[in-house]
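Visitor: coords below, sequence missing:
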Ligand SMILES: Nc1ncnc2c1ncn2[C@@H]1O[C@H](COP(=O)(O)OP(=O)(O)OP(=O)(O)O)[C@@H](O)[C@H]1O
Ligand SMILES: NC(=O)c1ccc[n+]([C@@H]2O[C@H](COP(=O)(O)O)[C@@H](O)[C@H]2O)c1
């Protein structure tokens, strides 16, 4: 693995070229770098990776372990423009460096996880992981930018890995001017899928309330806004943390960094933890 410093320099230069280009999506690196089979299915984890956490690790690994296949591919996608949030620290090159470290953490995790009782996957069985960037904030546009980029064979089914809070925002008509209906989502659900991790909280409701959203979509409750009932078949809901487990988020990891709390160790995976301790991407000087 390259040194932390050289990873940042490498991504700063790739990012500069991407920003200056007219491209909406680009794969900047792959792990392993070569020799991976052409993908038959593309899992996409779109995030601000600010920083990558163990929740991101769980979301990605549970999807990949469901059907461990070397011809699956995972794309870790950094959105340089967010639908709602202004850009915050850390620098994008630091986040890209952390995404690559996260990819190594995830591959190690997959290698030591048993997909089936008595079966430990070999490195060749573990899907390759791409590090990509997009300028598009909305999922329907991200999916189309990936499709038309030429980076992957076409057609290729994309499975977007999101949390419940993001599902709700995808279904908010406020993002789709000028009509403000859900009709623009049709291309996303005609070709692709969502795998949504439940995220019970005071803000987003209980597990039952979150499951009720999908039942209502399947009943046709959103048809008056353009949300078709058959889209529910293309959305899979999966369990998140257990009720006795602590909630994990990037916000919580940033707070642990600011307060120098030991919690950081269980909030983020190992290689990301080492990077945060060594490079301090959230310190005042580093974001200047
Ligand atoms: N603990 C979690 N449970 C379920 N989904 C999650 C969790 N953490 C992140 N996600 C999902 O992963 C995707 C990317 O997450 P994002 O980068 O916004 O993380 P975050 O922890 O919510 O960030 P922040 O705390 O900075 O707002 C989103 O779709 C989000 O819903
Ligand atoms: N309608 C949409 O497609 C939609 C709405 C809100 C957020 N998003 C995206 O979801 C991703 C995660 O968002 P947050 O980092 O705000 O949780 C970001 O890439 C953001 O731009 C998409």
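Guide: Great, that's in hand. Note that the structure is predicted; figures quoted are calculated from it, not measured. Ligands and ions are numbered 1, 2, ... in the order given.
Visitor: mind listing what the residue of the stretch 151-288 of the chain found nearest ligand 1 touches?
Guide: Of all residues in the stretch 151-288 of the chain, residue 163 sits closest to ligand 1, at 2.2 Å by Cβ to the nearest ligand atom. Every residue, glycine included, has its C-beta placed from N, CA and C. Residue 163 is in contact with 55, 59, 196, 197, 199, 240, counting by Cβ atoms under 8 Å, 6 or more residues apart in numbering.
Visitor: Could you report the pLDDT at the closest residue in space to residue 238 that isn't next to it in sequence?
Guide: Nearest residue to residue 238, sequence neighbours excluded (Cβ to Cβ, 6 or more residues apart in numbering): residue 197, at 5.5 Å. pLDDT recorded at residue 197 is 97.
Visitor: Show me what residue 197 is bridged to.
Guide: For residue 197, the beta-bridge partners are residue 163, residue 238 (DSSP bridges).
Visitor: residue contacts, it?
Guide: Contact partners of residue 197, counting by Cβ under 8 Å, 6+ apart, are 55, 58, 59, 62, 161, 162, 163, 164, 238, 239, 240.
Visitor: Give me the buried entries from these.
Guide: Buried members of the contacts of residue 197, scored by 16 or more other Cβ atoms under 10 Å, are 55, 58, 59, 62, 161, 162, 163, 164, 240.
Visitor: Grab the nearest non-local neighbour of the fourth one.
Guide: Read it as residue 62. residue 238 (6.4 Å).
Visitor: residues contacting that neighbour?
Guide: Here residue 238 is in contact with 62, 195, 196, 197, 198 (Cβ under 8 Å, 6+ apart).
Visitor: Over to residue 157?
Guide: 41, 42, 191, 192, 193.
Visitor: Just those: which are in strands?
Guide: 41, 42, 193 (DSSP state E).
Visitor: Name the member of the residues you listed with the most neighbours.
Guide: Highest neighbour count within these: residue 42, with 23 neighbours (other Cβ atoms under 10 Å).
Visitor: Could you check how far that one is from residue 56?
Guide: 17 Å (Cβ to Cβ, to the nearest Å).
Visitor: and what of residue 69?
Guide: Residue 69 is 21 Å from residue 56, by Cβ to Cβ.
Visitor: Looking at these two, which is more packed in?
Guide: Neighbours per residue, other Cβ under 10 Å: of residue 69 and residue 56, the larger number sits with residue 56, 27 against 16.
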